[in-house]
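Engineer: need coordinates for the following:
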Amino acid sequence: MRKRAAVLCGAAVVVAGTVTALPADASTARPTTAVQVANLTWKSCATTNYPTLQCSSVKVPLDHANPHGRQITLALSRVPHTAKTYQGPLLVNPGGPGGSGLTLAGFVASSLPKAVASQYDVIGFDPRGVGKSTPALDCKPGYFNPVRPDSVPSTPALEKANLTRVKAFAAACGKKYASVLPYIDTISAVRDMDSIRAALGAKKINYFGYSYGTYLGAVYAKLYPERVRRLVLDSIVDPTGVWYDDNLGQDYAFNDRQQALMAWIAKYDSTYKLGTDPARIEAKWYAMRKALAKKPAGGKVGASELEDTFIPGGYYNGYWPYLAEAFAAYVNDKNADPLVETYENFAAIDASGDNGYSVYTSVQCRDASWPRDWNQWRKDNWAAYDKAPFMVWNNAWYNAPCAFWPTKTKQPINIANGKLPPVLLFQATNDAATPYEGGATVHQMLAGSSFVVEQGGGNHGITLSGNACLDKYLATYLTNGKVPRSGGEIDAVCQKTPDPKPLTTAKAATSTAHGSTLHGLLGFRG
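Structural biologist: Okay, the predicted model is just below:
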């Protein structure tokens, strides 16, 4: 969720204009939402990477139950279709909750085969509260400024310091956005998506979501099954665990990914000089953490910030060489500069990150019930910490405002659905942010869905990220709606992409061009 990608598109006024003819199954229809069928005015917001990107905006009710009440604005982006064959709008979402989707439209359109992308209007959007949409939330600017208290509450004083901090954040949100928070949730965002559909003049939408975007898409499909044409879900949230149980489940999976990083470092001892025993390398990492808790590197990287820096390695192994370089420099050379730089590149939170976190908490805390008794959090997280210490308490404090959230909670949505066309699901077996079980569960809940698995893969967000096998299934589905069928629990298996190699030059080690474009857009924590 900690987004590093810039928001590129501004909003434009919605006025009448012309519209391109839609295919028979995505044709203009009178909407049942509060948004009138209006042709959006699209203005160029082109970038060097995405020269055909356009931007617009649409107004929607803050409260969809009161369609003529207060209106808010959603920022939209588009890469328009160019082919004679037009398959309608393809809405894309990067997850979060709190992720901006404006740039993702350009990425998806340029990453799909041209013959496929050219048949769609690829539509990005900033969900309510996010980025260029207004109002945009920022409950407590600078909330993640270093150095934070050590995340592991090993003393009553540390627990109190962390509790004081998260309570202050929840209170700030409640004070600053009292009139808005009751309407920042997944169901409201789903109704916004249907308003976007109506504003586009489309009877049905195609949808492609990553991470939390898979839950958003599944809930849309539950509420509006007759308006779903094609549905792609990549790195799938377990809808039966939203959100408290899902976050505890992440802790074990991220610990496994951290240990996979230690094993990778051991494999390249000739480069990193940290040893050949993963367990001993891990012990050196925890020793580094202990030292940073006493003396933060550069006045910025304490124990909590070290965790922040290494958590991205659980999302995407392309970051491993940079993390290993910083780790080795600190341990072997007593040089903290690479560690500070890696923190600044991977983990430091800017205004965009403050906004994303504010929406993340607002949605998750509103979507479902959370324990309100801190004793329950303490019990559950210490139990997890005993088995998987890497991220447990960092993750707990990240979500802890929900124990003190100032709004009432809703009930999770049962996304089980037998009314959809074929749905295509993608999941890596060792994904940490959305563990494999979530994909298997959704496959069972969406009748007629097809489940494509990346065997041995640990990255989060696996299509359009270099795996040609996965991308072939995606392109085929978007071209003609066909999905693989095996008759078993898994419909197709792709082997994982190879793990990265160590960096080859010192210059590469300090480069800011980290990882793939996709993983920069997806961010962290969702």
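Engineer: alpha carbons only for contacts and neighbour counts from here, please
Structural biologist: Will do.
Engineer: what packs against the longest helix that the chain contains?
Structural biologist: Across the chain, the longest stretch assigned as helix under DSSP state H is helix 244-267. Helix 244-267 sits against helix 278-294, helix 312-315, helix 374-387, helix 392-399, with contacts defined as 3 or more CA pairs under 8 Å, 6 or more residues apart in numbering; DSSP states H and E.
Engineer: other residues contacting that helix?
Structural biologist: 238, 272, 274-279, 281-282, 310-311, 313-314, 317, 320, 324, 370, 381, 384, 387-392, 395, 430-435, 458 (CA atoms under 8 Å, 6 or more residues apart in numbering).
Engineer: what's downstream of the lowest-mean-pLDDT helix or strand in the chain, the next helix or strand?
Structural biologist: Lowest on mean pLDDT, DSSP states H and E among the helices and strands of the chain sits helix 506-509, with a mean of 46. Next helix or strand after helix 506-509 toward the C-terminus (DSSP states H and E): helix 517-522.
Engineer: any idea how far that next one is from the middle of the chain?
Structural biologist: 9 Å (CA atoms, centre = their mean, to the nearest Å).
Engineer: let's see it as PDB, backbone CA atoms only.
Structural biologist: Provided in PDB are the C-alpha atoms of helix 517-522 (Å, rounded to 0.1, in the frame of the first residue of the first chain):
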ATOM      1  CA  THR A 517       7.000  -0.800 -13.000                       C
ATOM      2  CA  LEU A 518       4.100  -3.000 -11.900                       C
ATOM      3  CA  HIS A 519       5.400  -3.400  -8.300                       C
ATOM      4  CA  GLY A 520       6.100   0.200  -8.000                       C
ATOM      5  CA  LEU A 521       2.400   0.900  -8.900                       C
ATOM      6  CA  LEU A 522       1.000  -1.800  -6.600                       C
END
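Engineer: so which bits of that helix are buried?
Structural biologist: L518, H519, G520, L521, L522 (16 or more other CA atoms under 10 Å).
Engineer: and the residues you listed as TSV, adding distance to I184 and pLDDT?
Structural biologist: TSV is the format used below for those (distance: CA to CA, whole Å; pLDDT from 0 to 100):
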residue	distance to I184	pLDDT
L518	26	94
H519	25	93
G520	25	91
L521	22	93
L522	20	92
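Engineer: G209: which of those is nearest?
Structural biologist: If you rank those by distance to G209 using CA to CA, L522 comes first, at 10.5 Å.
Engineer: now that closest one. Nearest residue, chain neighbours left out?
Structural biologist: P94 (5.2 Å; CA to CA, 6 or more residues apart in numbering).
Engineer: the one you found touches T214, doesn't it?
Structural biologist: No: look at P94 against T214 with CA atoms under 8 Å: they stay out of range, at 9.0 Å.
Engineer: who has more neighbours out of these two?
Structural biologist: Higher neighbour count among P94 and T214: P94, with 32 against 28, using other CA atoms under 10 Å.
Engineer: now V60: which helix or strand?
Structural biologist: strand 54-61.
Engineer: how distant is that strand from the center of its chain?
Structural biologist: For strand 54-61, the distance to the chain centre is 22 Å (CA atoms, centre = their mean).
Engineer: residue contacts, the residue nearest to L522?
Structural biologist: S100, G101, L104, G209, Y210, S211, Y212, G213, L521, L522.
Engineer: roughly how far does it sit from K204?
Structural biologist: 21 Å (CA to CA, to the nearest Å).
Engineer: and G488, by the same measure?
Structural biologist: Applying CA to CA to G488 and K204 gives a distance of 30 Å.
Engineer: more neighbours: the two, which one.
Structural biologist: Between G488 and K204, counted using other CA under 10 Å, the more crowded position is K204 (27 against 9).
Engineer: wait, what's in contact with the residue lying closest to that one once chain neighbours are set aside?
Structural biologist: Nearest in space to K204, with sequence neighbours left out and distances taken as CA to CA, 6+ apart, is R227 at 4.2 Å. Residues near R227 by CA under 8 Å, 6+ apart: K203, K204, I205, A221.
Engineer: secondary structure class for L231?
Structural biologist: strand (DSSP: H, G, I helix; E, B strand; the rest coil).
Engineer: which residues does it contact?
Structural biologist: Applying CA under 8 Å, 6+ apart, the residues contacting L231 are N206, Y207, F208, G217, P422, V423, L424.
Engineer: report how many residues lie close to T155.
Structural biologist: 8.
Engineer: distance check, it against A83.
Structural biologist: 63 Å.
Engineer: C139 against V166, yeah?
Structural biologist: No: with contacts counted by CA under 8 Å, C139 stays clear of V166, the gap being 11.7 Å.
Engineer: higher neighbour count, the two?
Structural biologist: Taking neighbours as other CA under 10 Å, C139 and V166 compare with C139 leading, 24 against 21.
Engineer: pLDDT at the nearest residue to the more buried one once chain neighbours are set aside, what is it?
Structural biologist: Closest residue to C139 apart from its sequence neighbours, by CA to CA, 6+ apart: C173 at 4.7 Å. Per-residue pLDDT puts C173 at 98.
Engineer: C173 touches K140, doesn't it?
Structural biologist: Yes: checked against CA under 8 Å, the pair C173 and K140 is within contact range at 7.3 Å.
Engineer: the two - which one has more neighbours?
Structural biologist: It is C173, of C173 and K140, that has more neighbours when counted by other CA under 10 Å, with 22 against 18.
Engineer: distance of the more buried one from A383?
Structural biologist: 30 Å.
Engineer: just F524 next, same as before
Structural biologist: 24 Å.
Engineer: got it, and A416?
Structural biologist: A416 is 31 Å from A383, by CA to CA.
Engineer: with neighbour numbers in mind, choose between these two.
Structural biologist: A416 (18 against 13).
Engineer: list the contacts of the closest residue to V423 other than its chain neighbours.
Structural biologist: Counting by CA to CA, 6+ apart, V423 lies nearest to S449, which is 4.5 Å off, once chain neighbours are set aside. By CA under 8 Å, 6+ apart, the contact list for S449 reads P422, V423, L424, L425, H443.
Engineer: would you mind checking which of those is nearest to K300?
Structural biologist: So of those, ranked by how close each gets to K300 (CA to CA), first place is L425, at 40.2 Å.
Engineer: count of residues packed around that closest one?
Structural biologist: 25.
Engineer: for it, helix, strand, or coil?
Structural biologist: Applying three-state DSSP: L425 is strand.
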